[in-house]
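[1] my questions concern the predicted model and sequence given below.
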Amino acid sequence: MDDESPNDAQFLTPSDKELLNTELKITSTAEFGTLDRPEGLPAKFRRIVVRYDETPKGGKKAGHNPHLDCAFQCHAKHWRGFIVELEGEQLVRVGKDCGHKHLGADFQRGMNAYSALETRKFELRRLLALRSEFPAAVSALKSAVASANVAAFDRYLAVLRREFAPMSRELADSVRRSSGRLMAAKRVRDGEREEASARMVDAREARANGTMSRWKSITEAPTPAIRERAVRAWKNFVSSQPPAYKIEYVDVGSCDGWKLLDPKQAPPPSSLLSAALLKADEVASQLLRRRSDEWQSARIVQLKKDVREVLDAWAKALASMRVIDQFTGEANIAAIASWAQQTEKDAAGIGQNVIASGRAIADLDSASKLELPVGFEVPTARAMERIDEILNRKFELWDSGP
Ligand SMILES: [Zn+2]
(Lines give C-alpha, C1' and ligand atoms only; values in the text may rest on other atoms or scores of the structure.)
Protein backbone atom coordinates (compact mmCIF):
# COMPACT_ATOMS: atom_id res chain seq x y z
CA MET A 1 0.00 0.00 0.00
CA ASP A 2 1.46 3.40 -0.85
CA ASP A 3 1.88 6.09 1.77
CA GLU A 4 -0.90 8.30 0.51
CA SER A 5 -3.60 5.68 0.94
CA PRO A 6 -5.56 6.43 4.07
CA ASN A 7 -5.94 3.54 6.45
CA ASP A 8 -9.38 3.05 7.96
CA ALA A 9 -8.76 5.67 10.63
CA GLN A 10 -7.79 8.31 8.06
CA PHE A 11 -10.43 7.12 5.63
CA LEU A 12 -13.29 8.10 7.92
CA THR A 13 -14.11 11.75 8.49
CA PRO A 14 -14.86 12.55 12.16
CA SER A 15 -18.60 12.75 11.53
CA ASP A 16 -18.70 9.44 9.63
CA LYS A 17 -16.65 7.86 12.36
CA GLU A 18 -19.10 9.13 14.95
CA LEU A 19 -22.00 7.82 12.89
CA LEU A 20 -20.41 4.39 12.75
CA ASN A 21 -20.08 4.40 16.52
CA THR A 22 -23.68 5.41 17.05
CA GLU A 23 -26.30 2.76 17.79
CA LEU A 24 -29.17 3.57 15.47
CA LYS A 25 -31.32 0.67 16.60
CA ILE A 26 -31.52 -0.59 20.16
CA THR A 27 -33.15 -3.75 21.41
CA SER A 28 -34.21 -2.48 24.81
CA THR A 29 -35.70 0.82 25.84
CA ALA A 30 -35.41 0.06 29.55
CA GLU A 31 -32.72 2.70 30.06
CA PHE A 32 -35.24 5.41 29.10
CA GLY A 33 -37.52 4.67 32.05
CA THR A 34 -41.26 5.07 31.80
CA LEU A 35 -41.46 7.18 28.65
CA ASP A 36 -44.91 8.48 29.58
CA ARG A 37 -46.26 11.66 28.15
CA PRO A 38 -47.26 13.95 31.03
CA GLU A 39 -50.85 14.98 30.86
CA GLY A 40 -51.39 18.18 28.93
CA LEU A 41 -47.98 18.16 27.19
CA PRO A 42 -48.55 19.24 23.57
CA ALA A 43 -47.67 16.61 20.95
CA LYS A 44 -45.05 18.68 19.14
CA PHE A 45 -42.33 16.65 17.43
CA ARG A 46 -38.70 17.68 17.87
CA ARG A 47 -36.50 14.75 16.80
CA ILE A 48 -36.10 11.01 16.69
CA VAL A 49 -33.69 9.93 19.39
CA VAL A 50 -33.35 6.29 18.38
CA ARG A 51 -35.16 3.43 16.65
CA TYR A 52 -35.90 0.43 18.81
CA ASP A 53 -36.94 -3.17 18.22
CA GLU A 54 -38.04 -5.15 21.24
CA THR A 55 -39.72 -7.91 19.23
CA PRO A 56 -39.28 -11.01 21.37
CA LYS A 57 -37.30 -13.95 20.00
CA GLY A 58 -39.64 -16.09 17.94
CA GLY A 59 -41.15 -12.96 16.40
CA LYS A 60 -44.84 -12.30 16.27
CA LYS A 61 -45.86 -15.69 17.59
CA ALA A 62 -44.54 -14.83 21.05
CA GLY A 63 -47.81 -13.14 21.95
CA HIS A 64 -47.19 -13.48 25.66
CA ASN A 65 -44.79 -10.52 25.69
CA PRO A 66 -46.35 -7.45 27.23
CA HIS A 67 -47.46 -4.71 24.89
CA LEU A 68 -45.55 -1.47 25.30
CA ASP A 69 -47.42 1.74 25.99
CA CYS A 70 -47.01 4.59 23.57
CA ALA A 71 -47.38 8.32 24.07
CA PHE A 72 -50.84 8.22 22.53
CA GLN A 73 -52.30 5.16 24.29
CA CYS A 74 -53.25 3.57 20.98
CA HIS A 75 -53.13 -0.03 22.23
CA ALA A 76 -50.88 -1.38 19.44
CA LYS A 77 -48.09 -3.75 20.53
CA HIS A 78 -45.33 -1.21 19.90
CA TRP A 79 -42.56 -3.81 19.98
CA ARG A 80 -40.98 -1.71 17.27
CA GLY A 81 -40.92 2.04 17.04
CA PHE A 82 -39.03 5.18 17.98
CA ILE A 83 -37.99 7.05 21.04
CA VAL A 84 -39.00 10.57 20.13
CA GLU A 85 -38.20 13.84 21.80
CA LEU A 86 -41.17 16.17 22.05
CA GLU A 87 -41.02 19.85 22.73
CA GLY A 88 -40.11 20.35 26.36
CA GLU A 89 -37.38 17.72 26.06
CA GLN A 90 -39.82 15.03 27.00
CA LEU A 91 -38.93 11.57 25.65
CA VAL A 92 -41.79 9.32 24.61
CA ARG A 93 -42.36 6.04 22.80
CA VAL A 94 -44.03 6.28 19.39
CA GLY A 95 -44.95 3.74 16.74
CA LYS A 96 -44.69 4.48 13.03
CA ASP A 97 -48.43 4.72 12.50
CA CYS A 98 -49.35 6.67 15.60
CA GLY A 99 -46.39 8.97 14.95
CA HIS A 100 -47.89 9.81 11.57
CA LYS A 101 -51.32 10.26 13.03
CA HIS A 102 -50.42 12.46 15.98
CA LEU A 103 -47.18 14.18 14.99
CA GLY A 104 -47.85 14.71 11.29
CA ALA A 105 -45.40 15.88 8.64
CA ASP A 106 -42.70 16.80 11.14
CA PHE A 107 -42.54 13.17 12.22
CA GLN A 108 -42.33 12.02 8.56
CA ARG A 109 -39.42 14.42 7.94
CA GLY A 110 -37.72 13.20 11.09
CA MET A 111 -38.15 9.61 9.98
CA ASN A 112 -36.76 10.35 6.51
CA ALA A 113 -33.71 12.00 8.05
CA TYR A 114 -33.26 9.06 10.39
CA SER A 115 -33.50 6.56 7.49
CA ALA A 116 -30.90 8.57 5.60
CA LEU A 117 -28.55 8.20 8.56
CA GLU A 118 -29.19 4.47 8.70
CA THR A 119 -28.53 4.13 4.97
CA ARG A 120 -25.38 6.20 5.25
CA LYS A 121 -24.11 4.06 8.08
CA PHE A 122 -24.96 0.92 6.15
CA GLU A 123 -23.11 2.15 3.04
CA LEU A 124 -20.10 3.21 5.14
CA ARG A 125 -19.88 -0.29 6.51
CA ARG A 126 -20.13 -1.67 2.98
CA LEU A 127 -17.32 0.68 1.90
CA LEU A 128 -15.14 -0.46 4.81
CA ALA A 129 -15.77 -4.08 3.93
CA LEU A 130 -14.98 -3.46 0.25
CA ARG A 131 -11.81 -1.58 1.19
CA SER A 132 -10.60 -4.51 3.22
CA GLU A 133 -11.56 -7.22 0.69
CA PHE A 134 -10.75 -5.57 -2.59
CA PRO A 135 -6.96 -5.98 -2.59
CA ALA A 136 -7.42 -9.76 -2.35
CA ALA A 137 -9.84 -9.66 -5.28
CA VAL A 138 -7.31 -7.72 -7.37
CA SER A 139 -4.62 -10.30 -6.55
CA ALA A 140 -6.98 -13.13 -7.47
CA LEU A 141 -7.65 -11.48 -10.83
CA LYS A 142 -3.95 -10.91 -11.41
CA SER A 143 -3.09 -14.53 -10.82
CA ALA A 144 -6.03 -15.70 -12.93
CA VAL A 145 -4.91 -13.51 -15.84
CA ALA A 146 -1.42 -14.99 -15.60
CA SER A 147 -2.56 -18.55 -14.98
CA ALA A 148 -1.69 -21.49 -17.21
CA ASN A 149 -5.32 -22.62 -17.07
CA VAL A 150 -6.55 -19.46 -18.75
CA ALA A 151 -3.83 -19.64 -21.39
CA ALA A 152 -4.72 -23.29 -21.98
CA PHE A 153 -8.28 -22.28 -22.87
CA ASP A 154 -7.14 -19.97 -25.68
CA ARG A 155 -4.60 -22.47 -26.94
CA TYR A 156 -7.14 -25.30 -27.03
CA LEU A 157 -9.61 -23.35 -29.13
CA ALA A 158 -6.87 -22.06 -31.46
CA VAL A 159 -5.54 -25.58 -32.13
CA LEU A 160 -9.06 -26.96 -32.49
CA ARG A 161 -9.85 -24.37 -35.15
CA ARG A 162 -6.51 -24.62 -36.93
CA GLU A 163 -5.48 -28.27 -36.85
CA PHE A 164 -8.96 -29.76 -36.72
CA ALA A 165 -10.51 -27.20 -39.05
CA PRO A 166 -12.84 -29.36 -41.17
CA MET A 167 -14.04 -31.31 -38.15
CA SER A 168 -14.52 -28.32 -35.86
CA ARG A 169 -16.39 -26.37 -38.54
CA GLU A 170 -18.73 -29.25 -39.27
CA LEU A 171 -19.14 -29.97 -35.56
CA ALA A 172 -19.98 -26.34 -34.80
CA ASP A 173 -22.62 -26.26 -37.56
CA SER A 174 -24.04 -29.58 -36.53
CA VAL A 175 -24.43 -28.95 -32.79
CA ARG A 176 -25.78 -25.47 -33.36
CA ARG A 177 -28.47 -26.78 -35.69
CA SER A 178 -29.53 -29.43 -33.22
CA SER A 179 -28.92 -27.50 -29.96
CA GLY A 180 -26.21 -29.79 -28.73
CA ARG A 181 -27.03 -33.17 -30.27
CA LEU A 182 -24.32 -34.96 -32.22
CA MET A 183 -26.16 -35.69 -35.45
CA ALA A 184 -23.99 -37.68 -37.85
CA ALA A 185 -24.89 -37.01 -41.46
CA LYS A 186 -25.22 -40.24 -43.48
CA ARG A 187 -25.37 -40.24 -47.25
CA VAL A 188 -27.96 -42.81 -48.35
CA ARG A 189 -29.49 -43.72 -51.75
CA ASP A 190 -32.70 -41.79 -52.40
CA GLY A 191 -35.02 -44.37 -54.02
CA GLU A 192 -37.92 -41.94 -54.42
CA ARG A 193 -35.84 -39.44 -56.29
CA GLU A 194 -34.28 -42.14 -58.46
CA GLU A 195 -37.72 -43.46 -59.35
CA ALA A 196 -39.09 -39.98 -60.12
CA SER A 197 -36.23 -39.02 -62.37
CA ALA A 198 -36.44 -42.40 -64.18
CA ARG A 199 -40.11 -41.68 -64.90
CA MET A 200 -39.17 -38.39 -66.53
CA VAL A 201 -36.45 -39.93 -68.67
CA ASP A 202 -38.78 -42.78 -69.64
CA ALA A 203 -41.56 -40.41 -70.74
CA ARG A 204 -39.10 -38.25 -72.71
CA GLU A 205 -37.68 -41.26 -74.54
CA ALA A 206 -41.17 -42.56 -75.39
CA ARG A 207 -42.14 -39.18 -76.87
CA ALA A 208 -38.93 -38.97 -78.89
CA ASN A 209 -39.29 -42.52 -80.21
CA GLY A 210 -43.05 -42.53 -80.64
CA THR A 211 -43.32 -45.69 -78.53
CA MET A 212 -45.20 -46.60 -75.37
CA SER A 213 -43.24 -45.69 -72.23
CA ARG A 214 -41.93 -48.46 -69.99
CA TRP A 215 -44.12 -47.18 -67.21
CA LYS A 216 -47.26 -47.20 -69.28
CA SER A 217 -46.41 -50.76 -70.40
CA ILE A 218 -46.95 -51.84 -66.81
CA THR A 219 -50.32 -50.13 -66.28
CA GLU A 220 -51.65 -51.21 -69.65
CA ALA A 221 -50.33 -54.79 -69.64
CA PRO A 222 -53.14 -57.12 -70.92
CA THR A 223 -52.03 -60.21 -68.96
CA PRO A 224 -50.29 -60.83 -65.65
CA ALA A 225 -47.34 -62.44 -67.42
CA ILE A 226 -46.81 -59.37 -69.62
CA ARG A 227 -47.21 -57.15 -66.66
CA GLU A 228 -44.57 -59.06 -64.73
CA ARG A 229 -42.11 -58.69 -67.61
CA ALA A 230 -42.85 -54.97 -67.82
CA VAL A 231 -42.19 -54.55 -64.12
CA ARG A 232 -38.83 -56.31 -64.46
CA ALA A 233 -37.92 -54.11 -67.41
CA TRP A 234 -38.86 -51.03 -65.41
CA LYS A 235 -36.71 -52.07 -62.46
CA ASN A 236 -33.75 -52.69 -64.72
CA PHE A 237 -34.26 -49.30 -66.32
CA VAL A 238 -34.39 -47.51 -62.94
CA SER A 239 -31.21 -49.15 -61.74
CA SER A 240 -29.44 -48.23 -64.97
CA GLN A 241 -30.02 -44.53 -64.20
CA PRO A 242 -27.46 -42.51 -62.20
CA PRO A 243 -27.92 -42.92 -58.42
CA ALA A 244 -29.42 -40.13 -56.30
CA TYR A 245 -28.52 -39.56 -52.65
CA LYS A 246 -30.06 -37.94 -49.63
CA ILE A 247 -28.73 -37.12 -46.17
CA GLU A 248 -30.10 -38.88 -43.14
CA TYR A 249 -29.09 -37.91 -39.64
CA VAL A 250 -28.17 -40.38 -36.95
CA ASP A 251 -28.19 -39.17 -33.35
CA VAL A 252 -24.86 -40.23 -31.87
CA GLY A 253 -25.49 -38.62 -28.48
CA SER A 254 -25.32 -35.22 -26.83
CA CYS A 255 -22.31 -32.96 -26.93
CA ASP A 256 -21.45 -31.50 -23.53
CA GLY A 257 -20.06 -27.99 -23.60
CA TRP A 258 -21.07 -27.47 -27.22
CA LYS A 259 -21.54 -23.75 -26.57
CA LEU A 260 -17.78 -23.55 -26.69
CA LEU A 261 -18.12 -23.75 -30.47
CA ASP A 262 -20.76 -21.05 -30.66
CA PRO A 263 -19.23 -17.91 -32.19
CA LYS A 264 -21.80 -15.84 -30.30
CA GLN A 265 -20.28 -17.04 -27.03
CA ALA A 266 -18.74 -14.59 -24.56
CA PRO A 267 -15.20 -13.36 -25.28
CA PRO A 268 -12.50 -15.81 -24.11
CA PRO A 269 -11.62 -15.87 -20.40
CA SER A 270 -8.29 -14.18 -21.07
CA SER A 271 -9.91 -11.02 -22.43
CA LEU A 272 -12.74 -11.04 -19.88
CA LEU A 273 -10.27 -11.32 -17.02
CA SER A 274 -7.91 -8.67 -18.40
CA ALA A 275 -10.79 -6.24 -18.71
CA ALA A 276 -11.95 -7.15 -15.19
CA LEU A 277 -8.47 -6.58 -13.81
CA LEU A 278 -8.25 -3.15 -15.41
CA LYS A 279 -11.59 -2.15 -13.90
CA ALA A 280 -10.72 -3.69 -10.53
CA ASP A 281 -7.44 -1.76 -10.38
CA GLU A 282 -9.35 1.46 -10.94
CA VAL A 283 -11.90 0.57 -8.25
CA ALA A 284 -9.15 -0.42 -5.79
CA SER A 285 -7.32 2.83 -6.26
CA GLN A 286 -10.50 4.83 -5.70
CA LEU A 287 -11.31 2.87 -2.58
CA LEU A 288 -7.88 3.61 -1.17
CA ARG A 289 -7.62 7.22 -2.33
CA ARG A 290 -10.99 8.72 -1.47
CA ARG A 291 -12.02 9.72 2.00
CA SER A 292 -15.42 8.76 3.31
CA ASP A 293 -16.99 12.18 2.65
CA GLU A 294 -16.12 11.82 -1.04
CA TRP A 295 -18.37 8.79 -1.18
CA GLN A 296 -21.82 10.25 -1.62
CA SER A 297 -24.71 8.46 -3.23
CA ALA A 298 -23.98 9.03 -6.95
CA ARG A 299 -20.40 7.88 -6.53
CA ILE A 300 -21.49 4.87 -4.51
CA VAL A 301 -23.95 3.93 -7.26
CA GLN A 302 -21.13 4.10 -9.82
CA LEU A 303 -18.85 2.09 -7.53
CA LYS A 304 -21.44 -0.67 -7.24
CA LYS A 305 -21.84 -0.68 -11.02
CA ASP A 306 -18.09 -1.03 -11.50
CA VAL A 307 -17.79 -3.78 -8.91
CA ARG A 308 -20.73 -5.58 -10.51
CA GLU A 309 -18.94 -5.36 -13.87
CA VAL A 310 -15.82 -6.96 -12.38
CA LEU A 311 -17.86 -9.75 -10.81
CA ASP A 312 -19.82 -10.40 -14.01
CA ALA A 313 -16.67 -10.70 -16.10
CA TRP A 314 -15.20 -13.05 -13.53
CA ALA A 315 -18.35 -15.18 -13.53
CA LYS A 316 -18.46 -15.33 -17.33
CA ALA A 317 -14.80 -16.30 -17.54
CA LEU A 318 -15.33 -19.08 -15.03
CA ALA A 319 -18.40 -20.28 -16.88
CA SER A 320 -16.39 -20.60 -20.11
CA MET A 321 -13.66 -22.48 -18.27
CA ARG A 322 -16.28 -24.91 -16.95
CA VAL A 323 -17.66 -25.36 -20.45
CA ILE A 324 -14.27 -26.34 -21.90
CA ASP A 325 -13.81 -28.72 -18.99
CA GLN A 326 -17.09 -30.43 -19.93
CA PHE A 327 -16.32 -30.39 -23.62
CA THR A 328 -13.04 -32.21 -23.08
CA GLY A 329 -14.51 -34.87 -20.79
CA GLU A 330 -13.45 -38.37 -21.79
CA ALA A 331 -16.91 -39.65 -22.71
CA ASN A 332 -17.66 -36.46 -24.61
CA ILE A 333 -14.47 -36.65 -26.67
CA ALA A 334 -15.29 -40.29 -27.45
CA ALA A 335 -18.77 -39.27 -28.62
CA ILE A 336 -17.34 -36.49 -30.78
CA ALA A 337 -14.83 -38.86 -32.39
CA SER A 338 -17.58 -41.39 -33.05
CA TRP A 339 -19.67 -38.63 -34.61
CA ALA A 340 -16.72 -37.55 -36.76
CA GLN A 341 -16.13 -41.11 -37.98
CA GLN A 342 -19.76 -41.57 -38.96
CA THR A 343 -20.36 -38.18 -40.49
CA GLU A 344 -20.33 -38.01 -44.27
CA LYS A 345 -20.10 -34.84 -46.20
CA ASP A 346 -20.67 -34.81 -49.97
CA ALA A 347 -19.21 -38.04 -51.28
CA ALA A 348 -16.70 -38.50 -48.49
CA GLY A 349 -16.26 -38.10 -44.72
CA ILE A 350 -15.53 -34.81 -43.00
CA GLY A 351 -11.96 -34.83 -44.27
CA GLN A 352 -10.31 -35.86 -41.03
CA ASN A 353 -9.47 -39.23 -39.60
CA VAL A 354 -10.29 -38.54 -36.00
CA ILE A 355 -10.08 -40.80 -32.96
CA ALA A 356 -10.44 -40.26 -29.22
CA SER A 357 -7.68 -41.17 -26.81
CA GLY A 358 -8.69 -40.46 -23.22
CA ARG A 359 -9.41 -36.75 -23.04
CA ALA A 360 -7.37 -36.16 -26.19
CA ILE A 361 -8.63 -36.00 -29.72
CA ALA A 362 -6.22 -37.06 -32.45
CA ASP A 363 -6.10 -36.97 -36.23
CA LEU A 364 -4.42 -40.15 -37.47
CA ASP A 365 -3.59 -38.63 -40.86
CA SER A 366 -1.97 -35.40 -39.75
CA ALA A 367 -0.72 -36.73 -36.37
CA SER A 368 -2.30 -33.67 -34.70
CA LYS A 369 -3.35 -34.25 -31.11
CA LEU A 370 -5.25 -31.92 -28.84
CA GLU A 371 -5.98 -32.01 -25.13
CA LEU A 372 -6.10 -29.70 -22.15
CA PRO A 373 -2.96 -29.82 -20.03
CA VAL A 374 -2.95 -32.27 -17.13
CA GLY A 375 -4.13 -30.53 -13.98
CA PHE A 376 -6.31 -28.04 -15.83
CA GLU A 377 -8.77 -26.51 -13.41
CA VAL A 378 -11.29 -23.74 -13.22
CA PRO A 379 -9.94 -20.93 -11.01
CA THR A 380 -11.69 -20.11 -7.75
CA ALA A 381 -11.33 -17.12 -5.47
CA ARG A 382 -12.86 -16.70 -2.04
CA ALA A 383 -12.20 -12.98 -2.33
CA MET A 384 -14.56 -12.76 -5.31
CA GLU A 385 -17.28 -14.58 -3.41
CA ARG A 386 -16.86 -12.24 -0.47
CA ILE A 387 -17.00 -9.15 -2.70
CA ASP A 388 -20.16 -10.53 -4.26
CA GLU A 389 -21.69 -11.08 -0.84
CA ILE A 390 -20.74 -7.58 0.35
CA LEU A 391 -22.17 -6.02 -2.80
CA ASN A 392 -25.47 -7.87 -2.43
CA ARG A 393 -25.82 -7.50 1.31
CA LYS A 394 -29.23 -6.16 2.19
CA PHE A 395 -29.77 -3.43 4.70
CA GLU A 396 -32.39 -5.43 6.58
CA LEU A 397 -30.04 -8.35 6.96
CA TRP A 398 -27.17 -6.31 8.24
CA ASP A 399 -27.40 -5.69 11.95
CA SER A 400 -27.42 -1.95 12.25
CA GLY A 401 -25.39 -1.83 15.45
CA PRO A 402 -22.04 -0.04 15.48
ZN1 LIG B 1 -49.13 4.29 19.51
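    Yes, it's here.
[2] for the rest of this, base every contact and every neighbour count on C-alpha atoms.
    Fine.
[3] low-confidence ranges in the stretch 101-250 of the chain?
    Nowhere does the stretch 101-250 of the chain drop to pLDDT under 70.
[4] now the stretch 251-400 of the chain
    Residue ranges of the stretch 251-400 of the chain with pLDDT under 70: 347, 396-400.
[5] show me where it has strands.
    Under the criterion DSSP state E, counting those that start in this stretch, strands of the stretch 251-400 of the chain are mapped to 354-357, 360-363, 368-370.
[6] could I get these as TSV with mean neighbour count?
    Shown next, in TSV, are the strands of the stretch 251-400 of the chain (neighbours: other C-alpha atoms under 10 Å):
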stretch	mean neighbour count
strand 354-357	20
strand 360-363	20
strand 368-370	17
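[7] who wins for proximity to residue 307 among those strands?
    Nearest to residue 307, of all those, is strand 368-370, at 36.7 Å by C-alpha to C-alpha.
[8] quick one: contacts of the closest one?
    156, 159, 160, 163, 164, 360, 361, 362, 363 (C-alpha atoms under 8 Å, 6 or more residues apart in numbering).
[9] look up how far residue 265 lies from the fifth one.
    Using C-alpha to C-alpha, to the nearest Å, we find residue 164 at a distance of 20 Å from residue 265.
[10] what do you get for the third one?
    Distance, residue 160 to residue 265, using C-alpha to C-alpha: 16 Å.
[11] the longest helix anywhere in the chain - contacts with which helices or strands?
    Ordering each helix of the chain by length in residues (DSSP state H) puts helix 96-145 first. If contacts are counted by 3 or more C-alpha pairs under 8 Å, 6 or more residues apart in numbering; DSSP states H and E, helix 96-145 sits against helix 14-20, strand 45-53, helix 269-289, helix 382-392.
[12] what parts of the chain come near the ion?
    Proximity of the chain to the ion, by C-alpha under 5 Å from the ion, involves residues 70, 74, 98.
[13] write a ChimeraX command that selects only the buried members of those.
    Buried residues within these, by 16 or more other C-alpha atoms under 10 Å, are selected in ChimeraX with:
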select :70,98
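[14] any chance of the residues of the chain next to the ion in a markdown table, with pLDDT too?
    Shown next, in a markdown table, are the residues of the chain next to the ion (pLDDT from 0 to 100):
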| residue | pLDDT |
| --- | --- |
| 70 | 87 |
| 74 | 85 |
| 98 | 91 |
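[15] check which helix or strand covers residue 227.
    Following DSSP states H and E, one finds residue 227 within helix 224-240.
[16] would JSON lines of the helices and strands packed on helix 96-145 with mean neighbour count be doable?
    Putting the helices and strands packed on helix 96-145 into JSON lines (neighbours: other C-alpha under 10 Å) gives the following:
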{"stretch": "helix 14-20", "mean neighbour count": "15"}
{"stretch": "strand 45-53", "mean neighbour count": "19"}
{"stretch": "helix 269-289", "mean neighbour count": "19"}
{"stretch": "helix 382-392", "mean neighbour count": "16"}
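[17] quick check: which of these is nearest to residue 120?
    The closest of the helices and strands packed on helix 96-145 to residue 120 is helix 14-20. By C-alpha to C-alpha, the value is 8.5 Å.
[18] the helix or strand that that closest one is followed by: how far from the chain's middle?
    Using DSSP H and E, the helix or strand that directly follows helix 14-20 along the chain is strand 25-26. Here strand 25-26 is found 38 Å from its chain centre; the criterion is C-alpha atoms, centre = their mean, to the nearest Å.
[19] coming back round to it: and the angle for the longest helix of the chain with helix 382-392?
    160 degrees (axes from the mean of the first three to the mean of the last three C-alpha atoms, to 10 degrees).
[20] which SSE is immediately downstream of helix 96-145?
    Next in sequence after helix 96-145, counting helices and strands by DSSP H and E, comes helix 148-163.
[21] what does whatever helix or strand comes next after that next one rub up against?
    Next in sequence after helix 148-163, counting helices and strands by DSSP H and E, comes helix 165-177. For helix 165-177, contacts defined as C-alpha under 8 Å, 6+ apart pick out 160-161, 181-183, 255, 258, 261-262, 340, 350-352.
[22] go again with 7 Å.
    For helix 165-177, contacts defined as C-alpha atoms under 7 Å, 6 or more residues apart in numbering pick out 160, 161, 181, 182, 183, 258, 261, 262, 340, 350, 351, 352.
[23] residue 122: neighbouring residues, count only.
    22 (other C-alpha atoms under 10 Å).
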